[in-house]
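> any chance you can model this:
(one chain, ligands or ions: 1)
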Amino acid sequence: MIPAQLPANVALLLDFDGTLVDIAARPDLAVVAPALTERLHRLYQRTDGALALISGRHVSSLRHFLPDFPGVIAGSHGAELSLDAQTLETFHGLDIDPAALSQEAKELAAPHPSILIEDKPLGVAMHYRADPSLQSFVEEAMQTMLARHPGMALQPAKMALELHPAGFGKDGAVARVMSLPAFAGRVPVYAGDDLMDEPAMAEVQKRGGFGIKIGPGDSIARYRMDDPVALAAWLDAWLAASVAG
Ligand SMILES: O=P(O)(O)OC[C@H]1O[C@H](O[C@H]2O[C@H](CO)[C@@H](O)[C@H](O)[C@H]2O)[C@H](O)[C@@H](O)[C@@H]1O
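Numbering: from 1, shown residues only. Have a look, this model is predicted:
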């Protein structure tokens, strides 16, 4: 079911992969349409700045794809917060050596060259999208990494498993963003496509807002849309109606 409209005083919280852009073969191959950049600027203006990306990606990856994004970015599953291009705050208290994690993951994945290791500043991800039959192998390898790194946790993603600081998730990211001045007192609406988005859906619905699940799969979100194209069209219609009204 598609929501009839957005609340007048909405805070828009948006996931990136699978929600604003289509899922791609590899993380670096995500494609940002020029219309998306323009849409995000208009949403930022229409919400008086209450626009945030809430992503499993790290902030610098999101700024690479959306260099002019005007809103707030909560990255790395809520362990990072960036209010603008000049600021980046991290919240974990761990001593993380990303190069060592990357090397370790590469060694564990070495028997299967189709596994992709994604370097992340606060962890590492192992992707098996190129060969989904390697899911169990990846799960086992990442369990090995988890056992070696106290304070870290595993986060399943689409055709991937990520090691990242424990105690962080998108529900915490939503709570942190909603406490910022531009967001406080507004009705949070969250759109996401993945399992890792479900805690965020729960958090916004607990706060009187609603979630929108993008694509197939079980979800506690009150609403659903087929794909990023459907979400984009719905947001554009809301922006157009705002101008007309
Ligand atoms: O929270 P998100 O913004 O949705 O980010 C979640 C993870 O997305 C990326 O991986 C996923 O998208 C890739 C590109 O479409 C795809 O190739 C991969 O299979 C998906 O799992 C990203 O690479 C991760 O770091 C994010 O945590």
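> where do the helices sit along the protein?
When assigned using DSSP state H, the helices of the chain occupy the ranges 34-46, 59-65, 98-109, 135-148, 170-178, 198-206, 228-244.
> give the buried residues for the second one.
For helix 59-65, a neighbour-count test (16 or more other CB atoms under 10 Å) marks 59, 61-63, 65 as buried. Placement of C-beta: from N, CA and C, glycine included.
> residue 137 touches residue 110, doesn't it?
No: distance between residue 137 and residue 110: 11.4 Å, which falls outside the contact criterion (CB atoms under 8 Å).
> more neighbours: these two, which one.
The residue with more neighbours, out of residue 137 and residue 110, is residue 137; 17 against 10, by other CB atoms under 10 Å.
> residues in contact with the more buried one?
Contacts for residue 137 (CB atoms under 8 Å, 6 or more residues apart in numbering) come out as 111-112, 115, 128.
> buried among those? Need that as a selection in PyMOL.
Selecting just the buried residues from the contacts of residue 137 in PyMOL takes one command, with 16+ other CB under 10 Å as the test:
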select buried, resi 112+115+128
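> out of the helices of the chain, which gets nearest to residue 222?
helix 198-206 (6.6 Å; CB to CB).
> other SSEs contacting the closest one?
helix 170-178, strand 187-192, strand 210-214 (3 or more CB pairs under 8 Å, 6 or more residues apart in numbering; DSSP states H and E).
> could I get the ones you listed as CSV with mean neighbour count, mean pLDDT and distance to the ligand?
Conversion of the helices and strands packed on helix 198-206 to CSV gives the following (neighbours: other CB atoms under 10 Å; pLDDT from 0 to 100; distance: least, CB to the nearest ligand atom, whole Å):
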stretch, mean neighbour count, mean pLDDT, distance to the ligand
helix 170-178, 23, 98, 7
strand 187-192, 25, 98, 7
strand 210-214, 24, 98, 10
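> neighbours of residue 119, how many?
For residue 119, the tally of surrounding residues (other CB under 10 Å) stands at 17.
> so it bridges to which residues?
Beta-bridge pairing of residue 119, defined through DSSP bridges, involves residue 124.
> distance of it relative to residue 21?
To residue 21, residue 119 is 20 Å away according to CB to CB, to the nearest Å.
> what do you get for residue 217?
Applying CB to CB, the value for residue 217 to residue 21 is 18 Å.
> these two: which has the busier surroundings?
Counting neighbours by other CB under 10 Å for residue 217 and for residue 21 shows that residue 21 has the greater number, 18 against 12.
> quick one on the thing from earlier: got the helices of the chain as CSV, with distance to residue 192 columns?
Written out in CSV, the entries for the helices of the chain read as follows (distance: least, CB to CB, whole Å):
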stretch, distance to residue 192
helix 34-46, 16
helix 59-65, 14
helix 98-109, 25
helix 135-148, 22
helix 170-178, 8
helix 198-206, 6
helix 228-244, 10
